[in-house]
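Participant: Make a model of this:
(3 chains)
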Amino acid sequence: MLTLFASFLSQLTQTLLVVLIAPLMLGWVGQCRAWLQNRSGPGLLQPYRVLFKLFDKEALLAHNASVVFRSAPYIQFGCMVLAASVVPIVETNLLFAPAADVIALVGVFALARVFSALAAMDVGTSFGSLGARREMLVASLSEPALLMVFFTPLLIVQSSSLNVIVDTLAHREFALYPSLAFAAVAFIMVLLAENARIPIDNPATHLELTMIHEALVLEYSGRYLALIEWATAIKFTTYCAIGIALFAPWGIAGAGAWQTLPAAIVALIVKLGIIGLGLALLETISAKMRIFRAPEFLGMAFMLAALGMLTRLLLGA
Amino acid sequence: MYPFDAAPLDLILGVVLFWLLIGVAGVLRARSMRFVSRVLFPMGAAGALALMLVALVSVRAETITVVLPLGLPDLPFHLRLDALSAFFVALVGAVAFGISLFSVGYFRRGEGALPGLLCFQYHVFLASMVMVMLADDAYLFMVAWETMALSSYFLVTTSHRIAEIRRAGFLYLLVAHIGAIALLLCFGVMHGEAGQYTFDSLRSSELSTFWASTAFLLALFGFGAKAGLLPLHVWLPEAHPAAPSPVSALMSGVMLKTAIYGLLRVTFDLLSTQIWWWGAVALVLGLLTALFGVMFAAVQSDMKRLLAYSSIENIGIIIAGVGLAIIFHAYNNPHLAALALVATLYHCLNHAFFKSLLFLGTGSVLHATNERSLGKLGGLIRNMPWVAGFSLVGALAIAGLPPLNGFVSEWLLLQAFLFSPGLPNPYLNMLVPLGSAALVLAAALSGYVMVKFYGVIFLGQYREPTMHEAHDAGPWERAGLAWFAFGCIALGLFPMAIILLLDHVTLPLVNFTLSAAISGNSWLLFAPVAAERASYGPLLFLLGIVGTVLVTFFVVRGFYHGRTRRGAPWDCGFPEQTARMQDTAEGFGQPITQIFEPFFRIRRQMPDPFSRKPVYEKSNEDRLWYWLYLPIARAHERIASWIGILQHGRIHLYLLYSFVTLLALLFFVR
Amino acid sequence: MSTMPMSVQLINLMAALMLLIAFAMLAQRRILSLIYLFAWQGAVLAVNSLIVAWYTGHNELYLSAFFTVLLKVIVLPVALLYLIRKLNITWDVETLINIPTTLFAGIILVVFAFNLALPISQLAGTITRGTLGIAIAVVLLAFLMMITRRKAVPQVIGFLAMENGLFFAATSATYGMPMVVELGILLDVMVGILILGIFFFQVREAFDSLDLKHMEKLKESGE
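Facilitator: You can find the predicted model right below:
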């Protein structure tokens, strides 16, 4: 009973942690980008301000918006919170972790995505449905690559549960894994595509024709938009957390190892900071691609991940 | 459980007989719509429910065999009810129950054939499918198989006054018979030296590797033709849209599964050995079929054709699962073979439920709007909230989203794929994981297809003004839809119960039960291999999402406000928006044709720049028609024209042919 | 799980990098990047020779690494850069087949190569045995690149990358070829490049382009 309670507590704190720091993560990336581009930037807390403002505003709905439109933001938010609660970030003793392995995690993201696409089609404007179509397309192409990315750590650890992967990879002697490096690069490419970042999509664009994600949410306002923005931030942070869990799990505390918790939290902050900086750098030096270059980009990610798997099978490394 | 041995089989035969009687009753009062729809179809549904329950119980029971004193002299009908056939009979019952309920409200006067005739064909179709599952000799199997093909042919051509539908029916019958010939040959090969065509003697016949492989390939061809395996899929997208929606649902939901049943029966039961490359062939063909189906589904603009292609995709996934099971079984890895087989059977069940649901949903839409083209529908969620709601469940399930049922089987299959690197064959080791990527691509694209399907039909604005008058489905139709929607949810939330059931089916086929391997499974979680390997908890999953949604909702309401205002959507700076400016089904297809261009044979007709009425046309055709079917048809016609030389129309010449034949025979027989 | 010795890990890393660069070349559209990638491949090859030399004590491999750096990282790339600047062909490479299809074909080739090498590497006793499959894959991928490119310069780079793969195979299978053979090959490559350079200029003189489809005119029964 006590262990159940402990894992419940751990679960609650970790989930809340991700949910609360997610906007900060976006703020950090934005700030790094501003620095790299010689701008002063809006500050780390800007996403929070945006959320507060949006929550406070009145929600404006189209005349013909149906229940799908109104429920989709909540479902998206719920899915993302669930996803965040499955990924171990500071400790592996998670109550919800057995509910979903990495594949089910992909399923959660897909559920959220399908709802957002359906909601975008609900009002029946051209851009919403354009965005829906593009979002689904990019996702369909990135999912095979993502599965291939998962294959390599799966082969090493013989498990698709994130908890077990972290437990195994984090607590053993150091070894070079070129196959994991391949998978990691592929994962970053998938991360960029799935989270609507440059070079697949530009979150700061104002041109409807080039939008993917922003076109999806064009009709949303007020609290609905706030929930979607927040869910997007959680998704981004969760992806980063998955990346950490698969490729850099050092420092994540094992189940019940309370004394290593402070170190784990520091490690998490440092790692997230580095990832944010790296992504900002990547986004600064690359330009957005045409939408029909996206298959090539994701094909490359797929190939890298497949190479990782093959090197693992051949070299055992 | 039963007072005497053969009871479950007797009950099932009783239902079959009952269905046949209903059919006969329908013929007797063929013109009375009221009698047929309000009395006969509900009775049929009750029979189906009873069938399902009996079959579910007998999945766990002992195998029962019976010899019926019917059929030809010296060739009595052998029947057998084991776990595999009981499972598929239960599937027939479950699907037939929902579809019969729906049909009560669906069939209207003046649509095609007489209601009583329709009722007769429908129930004969159901009965023949059950007999296919029960058959224990090749003779009865083929009789039931042909009855099934013929009755479904008549059902497809219900609206036989339309030439296109007659053509679709002919194509269906043609492919069905080519498949049936392959099956006959297959049984002939397996028969070998043994004297009898009962499945028992087929089981015991010792085949060399060559002949066993031949038998397997013939079975794959024959059953593949029925299931819609590439390249024998061409009839599916023609026949399904032609048939009335309940019939499409029945054909897609159940009839395709009889082919899977047959394939499993021949491969795992009748043939004593399995060779790994059989599995590789099935796997490759299955994955290709899946990709092909989903890509063509993405470019369709007729809602029933779209679903037909989606059926091809799902059959591809199922056959890939069978292939994987054969590979594991051939390499003597019963645990993984059981896993792959369970995933396959689970997907059969899932597909039966969600595809029936969606086909019935299109039926309701068709009745409400008289429109099948996606280019004219739209916005129906406002007029048809019930149908829209149930269809949403189906669409999410077929897109393989948790926590619904489509996800469970795909998850299980992926788990089986994830194990493939342990195989002793290095090529398979490296290539099968790549195959899993194809599976994921197909699953992800099916999400794309379903967003298109649902979004274009039910969401957005009315594309035609007539959509305003659409009305929701009646109570009987809703009941049928609700049954399938309930099934999709229940199958998704309680996978453990289904797997425990499926264990009884896989045990005799691969000598392994998944439940034996793991003990830590509970209702909340299930881990098909080992708890630390992978686990999935759909209930926890649902709980997590619903809980968060509720908490969020009340927190947002509590801390802020629920104020909303209705306004016009953002017009993008272009004020003259009409409903025709919405994204279309063709628009959804465009990126797919662009990215996967080699799959399609695309024909574009560009408008003349000076034309007053510019016309733009684009069609995406199936390359296989041009590569395979048309050459064969042409060659066939050429041969036929040669043979046509023999035909003169004069009686005495024909008599001469007979005379010469007779002489030749007498000479050779002597 | 058991950890492999450091030497094997490092060599595996180099092998993986070789493979990665070979794939990157296959995916690359720009000639300039192609040349840089080729230089990187040479560098990885040299580092690999150094590692093998360090761990096995085959001293002549140091010399081989030195030559590799000299020739493949400095001389040849510089020569190629000079060439394309002279010929003014820095733009995109045209491919015969689109890139994703090429990459997929590449993956299938890698699977084939790995399986080809599997029985051999199980027999070999060298510490580098696992890398033979990668070496074969690099050769095949370079070959594939030559097939799918339309212009002459990428084909030459493909040829050179193929030689890199062979060299890598030699190092991994037998700790390098005898010095004489190795020097001979290097010389061959030099002469080959020289001839090809002259050939480029001649082709351009004759056709005003380096597109190899013009060579199709050279068959017997032409117009």
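Participant: mean confidence score for stretch A:253-263?
Facilitator: Stretch A:253-263 shows a mean pLDDT of 75.
Participant: Pull up the distance across it, start to finish.
Facilitator: 8 Å (C-alpha to C-alpha, to the nearest Å).
Participant: How about residues contacting it?
Facilitator: With contact meaning C-beta atoms under 8 Å, 6 or more residues apart in numbering or on different chains, stretch A:253-263 is reached by A:Thr3, A:Ala6, A:Ser7, A:Val90, A:Glu91, A:Thr92, A:Asn93, A:Asp167, A:Ala170, A:His171, A:Gly251, A:Ala264. Placement of C-beta: from N, CA and C, glycine included.
Participant: Next: stretch B:142-156.
Facilitator: Looking at stretch B:142-156 with C-beta under 8 Å, 6+ apart, the contacting residues turn out to be B:71, B:113, B:118, B:121-122, B:124-125, B:128-129, B:131-132, B:135, B:165, B:168-169, B:172-173, B:176-177, B:180, B:183-184, B:187, B:239, B:242-244, B:247, B:250-251, B:255, B:258.
Participant: same thing but 6 Å
Facilitator: B:121, B:124-125, B:128-129, B:131-132, B:135, B:169, B:172-173, B:176, B:239, B:242-243, B:247, B:251 (C-beta atoms under 6 Å, 6 or more residues apart in numbering or on different chains).
Participant: what number of residues lie near B:Arg38?
Facilitator: 13 (other C-beta atoms under 10 Å in any protein chain shown).
Participant: and what of B:Asp608?
Facilitator: Residues near B:Asp608, counting by other C-beta under 10 Å: 9.
Participant: Wasn't it part of a strand?
Facilitator: No - residue state for B:Asp608 (DSSP: H, G, I helix; E, B strand; the rest coil) corresponds to coil; a strand is not indicated.
Participant: Write out the residues of chain C neighbouring chain A.
Facilitator: Contacts of chain C with chain A, taken as C-beta under 6 Å from any C-beta of the partner chain, map to C:3, C:9, C:12-13, C:16, C:99-100, C:103, C:107, C:110, C:114, C:130, C:133.
Participant: most surrounded residue in the residues you listed?
Facilitator: Busiest of the residues of chain C next to chain A [other C-beta under 10 Å] is C:Gly133, holding 29 neighbours.
Participant: Please, which helix or strand holds the nearest residue to it once chain neighbours are set aside?
Facilitator: Spatially, and ignoring its direct neighbours in sequence, C:Gly133 is nearest to C:Ala117 (3.4 Å; C-beta to C-beta, 6 or more residues apart in numbering or on different chains). Secondary structure assigned from DSSP states H and E places C:Ala117 in helix C:99-123.
Participant: if we can go back for a sec, closest one of the contacts of stretch A:253-263 to chain B?
Facilitator: For the contacts of stretch A:253-263, the residue nearest chain B by C-beta to the nearest C-beta is A:Asp167; the value is 9.1 Å.
Participant: burial count for that closest one?
Facilitator: Neighbour tally, A:Asp167, other C-beta under 10 Å: 20.
Participant: do B:Met606 as well
Facilitator: Count around B:Met606 with other C-beta under 10 Å applied: 10.
Participant: Please report how far it lies from B:Val615.
Facilitator: Separation of B:Met606 from B:Val615 (C-beta to C-beta, to the nearest Å): 9 Å.
Participant: quick one on the thing from earlier: okay, and which of the contacts of stretch A:253-263 map to strands?
Facilitator: Per DSSP state E, strands hold no members of the contacts of stretch A:253-263.
Participant: Most neighbours out of these, which is it?
Facilitator: These, ranked by neighbours (other C-beta under 10 Å): first place A:Thr92, 27 neighbours.
Participant: quick one, what contacts that residue?
Facilitator: Contacts of A:Thr92 (C-beta under 6 Å, 6+ apart): A:Asn163, A:Val166, A:Asp167, A:Gly254, A:Ala255.
Participant: Chain C: which of those is nearest?
Facilitator: A:Asp167 (13.4 Å).
Participant: Per-residue confidence at the closest residue to the closest one other than its chain neighbours, what does it come out as?
Facilitator: Leaving aside its sequence neighbours, A:Asp167 sits nearest to A:Thr92 (C-beta to C-beta, 6+ apart; 5.4 Å). On pLDDT, A:Thr92 comes in at 78.
Participant: State the phi and psi torsions of A:Thr92.
Facilitator: Backbone torsions of A:Thr92, given as degrees, to the nearest 10, read phi -90, psi 0.
Participant: Mind telling me which residue of the stretch 551-670 of chain B is nearest chain A?
Facilitator: Counting by C-beta to the nearest C-beta, the stretch 551-670 of chain B gets nearest chain A through B:Asp583, at 3.5 Å.
Participant: Which strand or helix spans the residue of the stretch 351-500 of chain B found nearest chain C?
Facilitator: The nearest approach of the stretch 351-500 of chain B to chain C comes at B:Met430, 4.5 Å away (C-beta to the nearest C-beta). In this structure, B:Met430 sits in helix B:426-458 according to DSSP H and E.
Participant: what angle separates that helix from helix C:99-123?
Facilitator: Going by axes from the mean of the first three to the mean of the last three C-alpha atoms, to 10 degrees, helix B:426-458 is angled at 150 degrees with respect to helix C:99-123.
Participant: Buried residues in the helix or strand just after helix B:426-458, which are they?
Facilitator: Sequence-wise, the next helix or strand downstream of helix B:426-458 (DSSP H and E) is helix B:475-493. Residues of helix B:475-493 classed as buried: B:476-485, B:487-489, B:491-493 (neighbour count, 16 or more other C-beta atoms under 10 Å in any protein chain shown).
Participant: Nearest to chain A among these?
Facilitator: B:Gly492 (11.1 Å).
Participant: The spatially most central residue of chain C sits in which helix or strand?
Facilitator: In chain C, the residue lying closest to the centroid (C-alpha atoms, centre = their mean) is C:Ala161, at 1.3 Å. Here C:Ala161, judged by DSSP H and E, is contained in helix C:152-174.
Participant: Spit out the contact partners of B:Ser364.
Facilitator: Counting by C-beta under 6 Å, 6+ apart, B:Ser364 has contacts B:Val387, B:Ala473, B:Glu477.
Participant: The same query, at a cut-off of 7 Å, please.
Facilitator: Shown in contact with B:Ser364 (C-beta atoms under 7 Å, 6 or more residues apart in numbering or on different chains): B:Met384, B:Val387, B:Ala473, B:Glu477.
Participant: filter the residues you listed by proximity to chain A?
Facilitator: Among these, no residue sits close to chain A (C-beta under 7 Å from any C-beta of the partner chain).
Participant: In these, which has the lowest confidence score?
Facilitator: Scoring the contacts of B:Ser364 by pLDDT puts B:Ala473 last, at 85.
Participant: Count the neighbours of that residue for me.
Facilitator: B:Ala473: 24 neighbours (other C-beta under 10 Å).
Participant: Ok, B:Leu412 next?
Facilitator: For B:Leu412, using other C-beta under 10 Å, the count is 29.
Participant: Let me see the contact set for it.
Facilitator: B:Leu339, B:Val342, B:Ala343, B:Tyr346, B:Pro528.
Participant: out of the residues you listed, which are inside helices?
Facilitator: B:Leu339, B:Val342, B:Ala343, B:Tyr346 (DSSP state H).
Participant: Write out the residues of chain C neighbouring chain B.
Facilitator: So chain C meets chain B at C:Val111, C:Phe114, C:Asn115, C:Leu118 (C-beta under 7 Å from any C-beta).
Participant: 8 Å instead, please
Facilitator: Counting by C-beta under 8 Å from any C-beta of the partner chain, the residues of chain C close to chain B are C:Ile107, C:Val111, C:Phe114, C:Asn115, C:Leu118.
Participant: Just send the residues you listed back as TSV, with pLDDT too.
Facilitator: As requested, the residues of chain C next to chain B are exported to TSV (pLDDT from 0 to 100):
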residue	pLDDT
C:Ile107	89
C:Val111	87
C:Phe114	83
C:Asn115	83
C:Leu118	76
